[in-house]
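**Q** got a predicted model here, sequence first, then my questions.
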Amino acid sequence: MEDILSGISDFVWGPFLLIPLLLLTGLYLTIVLRGLQFHKLLYALWLAFIRRKEPEGTGDISHYQALSTALAATVGVGNIAGVATAIHFGGPGAVFWMWVTGLVGMATKYCEAFLGVRFRRTDAKGEQSGGPMFYLTYGIGGKFGATLGILFAIFGAFAAFGIGNMVQSNSVADAINSQWGVPMWVTGLIITVIAAVVILGGIKSIGAFTSAFVPVMIIFYILGALWVIIANIGSLPSAIATIVTDAFTGTAATGGFAGATVLLAIRYGVARGIFSNESGLGTGGIAAAAAKTNEPVRQALVSMTQTFIDTIVVVSMTGLVIVVTGAWQSGENGAPLTSLAFSQGLPGEWGGIIVTLGLVFFAFSTLLGWAYYGERCMDRLFGRGAVVPYRLVFIVLIFAGTVLELQTVWTFSDIMNGLMALPNLIGLVLLSGLVVRETKAYFSRPDWQTEYRPVSTKR
């Protein structure tokens, strides 16, 4: 069974299906939106972190809380172990291709969030519910759209149990056990109780918790990475040069590194980049739909910054630490490679502690974000009555994940995670015309920047 599932996973996430589709869709959306993610990035950051909430609008949480929920789900183990794996197999050049996926993925995330708000619906309890399962159904319409929406909801509900739940809780328990020797079941019990308190409170509880927790965890990790980079500042120019040149030339074998071709750099860089920021999977539209707003464009801009923060900021920190310290040549892989890099750059045991706490914080936050994604999929499939039972099962599986062997669970949920993208990408392409038209209409209004003044225009 494991061999069969691994074969399916390799095909879904391989170089001939999902990876090129995700990358090409991002490029297409970047072109039709005329590079909106570049020339409107400062405005998007202003909306997200200065304005923080809309003066009025229908929704359950502020658009900053919607952003923090999406960040909670995406800034996870992939930002630590995934980056290291990409470098281990693809060389330093893989980091460059992760940057590429982040830059084009911002356009994809913008479209997902726009459509999530544009086609959201009010559920039986009065909460907003949106995402691919709704914009595929109501945006495309007909039996074809409804089928795509149902397929996404099925794949999303299953993926949430695995990649968004048991795999994450297992990573938390394993990291704490390795660093401090705490039994995995003890860690499992603690994080299950904490997660239950947050998850049972619904999206308002999740939004309030992540809006306070997520910035702290990201800043903590970035400061640790900057410490290492500054300590090795003399090697930074050559590290960046290596990342850029190896992206187009491949990397020769050196030290414990076995060498990598350009194709391997592209394959692992793109795959791990997309896996980290989830641009194209559709999950960003689910979180965006909960935001209090009457303007899909503004929420889409805010949501777009999630991919920027996840990949261009956090992923870059991990990648630069691994390359600037030379740890990438050690032959280590995954989280041990990242831990080695931090340990080489920081005094005493600080390197291992930062990586361990980073894994714990990132994985736990992913639990919360995916709990919401899964319940929204269940609401679409079976109605509001299925939400509370789903939350309870989700909470039980958090503990189960800390005490079970999860290789098969990981592979199965990896497949479900990938399959979510297929109906979503079809919808993004078919509905791109609507996104472009309404985006142009928004920015043609004379009042769109009434409150916003770029730094360059200040006197």
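**A** Looks like it came in fine.
**Q** contacts only, for residue 265.
**A** Neighbour list for residue 265: 90, 91, 93, 94, 96, 97, 246, 247, 250, 251 [criterion: C-beta atoms under 8 Å, 6 or more residues apart in numbering]. In short, each C-beta sits where N, CA and C put it, glycine included.
**Q** so what's it closest to, chain neighbours aside?
**A** Sequence neighbours aside, residue 93 is the residue nearest to residue 265 in space, at 3.7 Å (criterion: C-beta to C-beta, 6 or more residues apart in numbering).
**Q** also residue 21?
**A** What sits nearest to residue 21 in space, not counting adjacent residues and going by C-beta to C-beta, 6+ apart, is residue 425, at 5.6 Å.
**Q** pretty sure that neighbour contacts residue 22?
**A** Yes: assessed by C-beta atoms under 8 Å, residue 425 is found in contact with residue 22 at 6.9 Å.
**Q** can you read off the pLDDT for the residue nearest to residue 265?
**A** Reported pLDDT at residue 93 in the predicted model: 96.
**Q** what count of nearby residues applies to it?
**A** The number of residues packed around residue 93, counting by other C-beta atoms under 10 Å, is 28.
**Q** when you give positions from now on, start the count at 35
**A** Got it, first residue is 35 now, which makes that one residue 127.
**Q** any idea how far it is from residue 189?
**A** For residue 127, the distance to residue 189 (C-beta to C-beta, to the nearest Å) stands at 32 Å.
**Q** could you do residue 264 as well?
**A** In this structure, residue 264 and residue 189 are 43 Å apart, going by C-beta to C-beta.
**Q** ok, now residue 427?
**A** Noted for residue 427: a distance of 17 Å to residue 189, by C-beta to C-beta.
**Q** ok, those two, which is more surrounded?
**A** Relative neighbour count places residue 189 above the other of residue 427 and residue 189, with 26 against 13, counting by other C-beta under 10 Å.
**Q** you'd agree the more buried one is up against residue 447?
**A** No: in this structure, residue 189 sits apart from residue 447 without contact. The criterion is C-beta under 8 Å, and the distance is 10.0 Å.
**Q** how about the helices in the stretch 85-234 of the chain?
**A** Along the stretch 85-234 of the chain, the stretches classed as helices by DSSP state H, counting those that start in this stretch are 97-108, 115-124, 127-152, 166-168, 176-195, 201-214, 218-233.
**Q** tell me which residue is most central in this protein.
**A** Geometric centre of the chain, nearest residue: residue 108, 2.5 Å, by C-alpha atoms, centre = their mean.
**Q** which residues does it contact?
**A** The neighbours of residue 108, taking C-beta under 8 Å, 6+ apart as the test, are 310, 311, 312, 317, 340, 341, 344, 400, 403.
**Q** run through the chain and note the low-pLDDT ranges.
**A** Counting by pLDDT under 70, the chain has low-confidence residues at 440, 485, 487-493.
**Q** of all the residues in the top helix by length along it, which ones are buried?
**A** Ordering each helix of the chain by length in residues (DSSP state H) puts helix 384-416 first. Of the residues in helix 384-416, those buried by neighbour count under the rule 16 or more other C-beta atoms under 10 Å are 385-415.
**Q** secondary structure class for the closest residue to residue 196 other than its chain neighbours?
**A** Closest residue in space to residue 196, ignoring its immediate chain neighbours: residue 447 at 2.3 Å, by C-beta to C-beta, 6+ apart. The three-state assignment at residue 447 reads helix, by DSSP: H, G, I helix; E, B strand; the rest coil.
**Q** tally up the residues packed near residue 447, please.
**A** A total of 24 residues lie near residue 447 under the criterion other C-beta under 10 Å.
**Q** contacting residues for it?
**A** Neighbouring residues of residue 447 by C-beta under 8 Å, 6+ apart: 192, 193, 195, 196, 197, 198, 200, 201.
**Q** with residue 51 instead?
**A** Shown here is residue 51, whose contacts under the criterion C-beta under 8 Å, 6+ apart are residue 45.
**Q** look up how far residue 190 lies from it.
**A** Distance, residue 51 to residue 190, using C-beta to C-beta: 19 Å.
**Q** surely residue 270 touches residue 262?
**A** No: distance between residue 270 and residue 262: 10.6 Å, which falls outside the contact criterion (C-beta under 8 Å).
**Q** okay, and the common contacts of the two?
**A** When contacts are counted by C-beta under 8 Å, 6+ apart, residue 270 and residue 262 are jointly contacted by residue 358.
**Q** those two: who's more crowded?
**A** Between residue 270 and residue 262, counted using other C-beta under 10 Å, residue 262 has the larger neighbour count: 24 against 14.
**Q** what's the helix or strand for the more buried one?
**A** Here residue 262 is covered by helix 236-265, with elements defined by DSSP states H and E.
**Q** and the next helix or strand past that helix?
**A** Scanning forward in sequence from helix 236-265, with DSSP H and E defining helices and strands, the next element found is helix 270-283.
**Q** could you give the angle of that next one to helix 236-265?
**A** Angle of helix 270-283 versus helix 236-265, following axes from the mean of the first three to the mean of the last three C-alpha atoms, to 10 degrees, is 110 degrees.
**Q** what angle do the longest helix of the chain and helix 176-195 make?
**A** Using the same axes, to 10 degrees, the direction of helix 384-416 lies 140 degrees away from that of helix 176-195.
**Q** pull the distance from helix 384-416 to the chain's centre.
**A** Shown here is helix 384-416, whose average C-alpha point lies 10 Å from the average C-alpha point of the whole chain (C-alpha atoms, centre = their mean, to the nearest Å).
**Q** thinking again about what came up before, the helices of the stretch 85-234 of the chain: which one's closest to residue 61?
**A** Evaluated with C-beta to C-beta, those place helix 127-152 nearest to residue 61, the distance being 5.3 Å.
**Q** list the buried residues in stretch 462-475.
**A** Along stretch 462-475, the positions that meet the burial threshold by neighbour count (16+ other C-beta under 10 Å) are 462, 463, 465, 466, 468, 469, 470, 472, 473.
**Q** off-centre distance for whatever helix or strand the first one lives in?
**A** Secondary structure assignment for residue 462, by DSSP H and E: helix 441-464. Taking C-alpha atoms, centre = their mean, the mean C-alpha location of helix 441-464 is offset from the chain mean by 14 Å.
**Q** can you name every helix or strand that the helix or strand just after that helix contacts?
**A** On the C-terminal side of helix 441-464, the closest following helix or strand by DSSP H and E is helix 466-477. Counting contacts by 3 or more C-beta pairs under 8 Å, 6 or more residues apart in numbering; DSSP states H and E, helix 466-477 packs against helix 52-66, helix 127-152, helix 330-341.
**Q** next, the buried residues of the first one.
**A** Right, helix 52-66. 52, 53, 55, 56, 57, 59, 60, 62, 63, 64, 66.
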